[in-house]
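Enquirer: coordinates only, sequence not included:
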C-alpha cells in the first residue's frame with residue numbers, strides 16, 4: 001500500500017531505471033531491483049506493476065540506513081485492488097465488479113499506472129454495502145448529518161477544546177462518517193500549522209504541530225498538507241495576476257482569482273473558469289508540477305484524484321514553464 005502522505009514518493013521500475021540512467025529493459029534484465037538489500041516493493045504481493053518508495057530506494061543507493069515506512073493505518077492510505085479486495089474479504093476479480101460504484105469511482109486515483117483507493121473510502125463502501133452490517137458508528141447507508149459547508153465551522157470548536165481529538169470523537173459528536181471527520185481535522189490542523197509558521201515563529205511545520213499540541217500520530221497528513229498550504233499561499237499573488245490578465249483579455253466576466261485546491265494533501269492546483277462566449281477554453285488549470293493547461297469542462301475541470309491528464313481531446317499544455325509571466329500565458333492561450 002501507499003502510506004498516507006507518501007504518494008509523491010512512489011516510483012515505478014521505469015522511474016528507477018531512468019533515475020540511474022539505464023534503459024528500462026536493461027534494468028529489468030540485469031535485475032538491479034533484485035539486488036541484495038534492495039527495498040521491497042510497497043505494492044501488494046503478486047501485483048503486476050511494482051511500486052517502490054523513493055526515500056527507501058535513495059537511501060539504499062547511497063548506502064544510508066533505510067528509513068522505516070509508517071506502520072500506523074490511516075484513512076488516506078492508498079490501497080490497490082488486491083488490498084481493497086482483502087478489506088472486503090473478496091477476490092480481486094470480484095472487487096473489479098464493485099469498483100464501478102459511484103463512491104469508489106469518485107475516489108479512485110492512478111499512481112504509477114495502478115488504480116488505488118483511500119482506505120477510508122474502502123471501509124465506508126464495505127460498511128454501507130446493502131446486506132452488510134455497518135461496523136462504524138454511522139447507520140447503514142446513512143449520509144453525513146452535517147452539510148458540507150458547515151463541516152469545518154462545526155469541527156473547529158471541537159479541535160479548539162481538545163487539540164488531540166480523534167476522528168472517531170468528531171464522528172460521535174457530529175454524526176459524520178469517520179473519513180469525513182478525518183478530512184476535516186486534517187484541513188483545520190494544516191491551516192493552523194501554516195498560520196503559525198507564517199506568523200514569524202521560525203518554526204517548521206512539524207515543530208508548529210508540536211507547539212499546537214497535535215499528537216504526532218494524528219498529524220502526519222496535516223503536516224504534509226500544511227507544507228502544500230504554505231506553497232499555495234506563496235503562489236497566490238502570481239495566480240491573482242494571471243486572473244487579472246485573463247480578464248483583461250476578455251475571457252472572464254469578472255477579474256476572478258483562480259480557486260486554489262488540494263486534490264491530494266501534497267499537491268497544489270488552481271482552477272480558473274473562462275465564462276465568456278469567445279473564451280479559448282472552458283477553464284484553465286494550474287498544477288504546481290505541470291504548469292498551465294486547458295480543461296474541457298467548466299463544472300468539472302479537474303480529473304479524479306490528483307491525476308495529470310495527457311494532452312489531447314481539448315486538453316492543451318500551454319507553456320513549458322510552470323509559472324510563465326501573464327503575457328506569455330495569454331499569448332499561448334490565444335495561439
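Expert: Looks like it came in fine. Here the structure is a predicted model, which is why all the values come from computation and not from measurement. Numbers count the residues shown, from 1 in each chain.
Enquirer: Centre-most residue in this protein?
Expert: Centrality entry for the chain: nearest residue to the mean C-alpha point is residue 264, 1.5 Å, by C-alpha atoms, centre = their mean.
Enquirer: For that one, give its distance to residue 116.
Expert: The spacing between residue 264 and residue 116, counted by C-beta to C-beta, to the nearest Å, is 11 Å. All C-beta atoms are positioned from the backbone trio N, CA, C, and that covers glycine.
Enquirer: and for these two, which residues touch both?
Expert: residue 109 (C-beta atoms under 8 Å, 6 or more residues apart in numbering).
Enquirer: circling back to that earlier point, tell me the SS of the residue nearest to the centre of the chain?
Expert: Three-state call for residue 264 (DSSP: H, G, I helix; E, B strand; the rest coil): coil.
Enquirer: Surely residue 208 is in contact with residue 199?
Expert: No - using C-beta atoms under 8 Å, residue 208 makes no contact with residue 199, being 9.1 Å away.
Enquirer: Those two - which one has more neighbours?
Expert: More crowded of residue 208 and residue 199, by other C-beta atoms under 10 Å: residue 208, with 23 against 10.
Enquirer: in terms of contact, does residue 81 touch residue 115 like I think?
Expert: Yes - counting by C-beta under 8 Å, residue 81 touches residue 115, with 6.2 Å between them.
Enquirer: Comparing these two, which residue is more hemmed in?
Expert: Between residue 81 and residue 115, counted using other C-beta under 10 Å, the more crowded position is residue 81 (21 against 17).
Enquirer: What residues does that one make contact with?
Expert: Residues in contact with residue 81, defined by C-beta under 8 Å, 6+ apart, are 92, 95, 96, 99, 115.
Enquirer: In PyMOL, how would I select just the buried ones from those?
Expert: This is the PyMOL syntax for the buried subset of the contacts of residue 81, where burial follows 16 or more other C-beta atoms under 10 Å:
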select buried, resi 92+95+99+115
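Enquirer: Show me how far stretch 208-216 is from its chain's centre.
Expert: For stretch 208-216, the distance from its own C-alpha centre to the chain's C-alpha centre is 22 Å (C-alpha atoms, centre = their mean, to the nearest Å).
Enquirer: Next secondary structure element downstream of the helix or strand where residue 272 lies?
Expert: Using DSSP states H and E, residue 272 sits in strand 269-273. Sequence order places strand 283-287 as the next helix or strand after strand 269-273, per DSSP H and E.
Enquirer: about what we covered before: which secondary structure elements does the strand holding residue 272 contact?
Expert: helix 220-248, strand 259-261, strand 283-287 (3 or more C-beta pairs under 8 Å, 6 or more residues apart in numbering; DSSP states H and E).
Enquirer: what about those, which gets the closest to residue 7?
Expert: For these, the distance to residue 7 is smallest for helix 220-248, at 9.6 Å, taking C-beta to C-beta.
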